[in-house]
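K.L.:
Predicted model, plus sequence, below.
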Amino acid sequence: MDILIDSDTFFVFDLDDTLFKEIEYLKSAYQSIALKVSASDHTDLYEQMFLRYKRRENVFKWLNDEYGIHGIELPWLLKEYREHIPSISMADDTAKFLEQVREHKIPTGLITDGRSITQRNKLRALGMEDYFRDIIISEEFGSEKPDERNYLFFENKYPGKDFYFFGDNTGKDFIVPHKLGWKTVCIKDDGNHIHPQKENPIPAPAFMISSFKEIVLQTS
């Protein structure tokens, strides 16, 4: 996929399952919880937790039933999951693409749903706190995708720009960008995305790619 860039090009990204695999955050959180719940056999506990997740079981209910007598209850589990400092990273091709974007001086923004502390911790772990000109996090902003306000923020602040939106969630990511005339690029689910993609989404993203290495930036 070739993208012809000029001084009006502006890239806006989703975060989870677009710039990194959200499943890695889940694994990181499970590992952190397992270590605090049972330091002596945390590896085995983590494996049990992840196995139950893959079976679509309620992992936290199971933990509460097994360890609740020791104070391991749902509020604590949720807090640990949402507020732990994650061990996560971007794929090499994603990191290389973002470096190219920086080298070309293409302005960027981020629109992501979630709690402020959770999403900010992810950005810190990825080393991306200062990468974007503007970061829209739903809890901080007061609305989440597909609310138009999250996208219109960029339209209003940067009028006349040629916007590209990169996301993965075919249920909500591309509705407003399509309506606004943005160019939309979807990262295909490789089988590890938290939210499965619809087969025939409406509206459909303009482009489907397996990874960012498929994008070639060309100057006009």
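P.N.:
Looks like it arrived, so ask away. Note that the coordinates shown come from a computational prediction; the quantities given were computed from them, not determined experimentally.

K.L.:
I5 bridge partners, please.
P.N.:
T219 (DSSP bridges).

K.L.:
so where does I136 fall, helix or strand?
P.N.:
Assigned by DSSP states H and E, I136 belongs to strand 134-137.

K.L.:
buried stuff in the longest helix seen in the chain?
P.N.:
The longest helix of the chain (DSSP state H) is helix 22-37. Neighbour counts over helix 22-37 (16 or more other CB atoms under 10 Å) mark 22-34, 37 as buried. All C-beta spots, glycine's among them, are computed from the backbone N, C-alpha and C.

K.L.:
Let me know the next secondary structure element after that helix.
P.N.:
For helix 22-37, the following helix or strand on the C-terminal side (DSSP H and E) is helix 42-54.

K.L.:
report the angle between the axes of that following helix and helix 22-37?
P.N.:
140 degrees (axes from the mean of the first three to the mean of the last three CA atoms, to 10 degrees).

K.L.:
Residues touching helix 42-54, excluding its own?
P.N.:
26-27, 30-31, 33-35, 37-38, 58-59, 62-63 (CB atoms under 8 Å, 6 or more residues apart in numbering).

K.L.:
from the middle of its chain, how far away would whichever strand or helix holds R102 be?
P.N.:
Taking DSSP H and E as the criterion, R102 maps to helix 92-103. Relative to the centre of its chain, helix 92-103 is centred 16 Å away, using CA atoms, centre = their mean, to the nearest Å.

K.L.:
Give me the buried positions along that helix.
P.N.:
94-95, 97-98, 101.

K.L.:
Can you check what angle separates the helix or strand bottoming out on mean pLDDT in the chain from helix 42-54?
P.N.:
Among the helices and strands of the chain, helix 59-67 carries the lowest confidence by mean pLDDT, DSSP states H and E, at a mean of 91. Angle, helix 59-67 to helix 42-54, by the same axes, to 10 degrees: 140 degrees.

K.L.:
what comes into contact with helix 59-67?
P.N.:
For helix 59-67, contacts defined as CB under 8 Å, 6+ apart pick out 30, 33, 37-38, 49, 52-53, 72-74, 77-78, 81.

K.L.:
residue ranges with poor pLDDT in this protein?
P.N.:
Across the chain, the ranges flagged by pLDDT under 70 are 69.

K.L.:
any idea of the angle the one helix or strand Y164 maps to forms with helix 92-103?
P.N.:
Element membership for Y164, per DSSP H and E: strand 162-167. In terms of direction (the same axes, to 10 degrees), strand 162-167 departs from helix 92-103 by 160 degrees.
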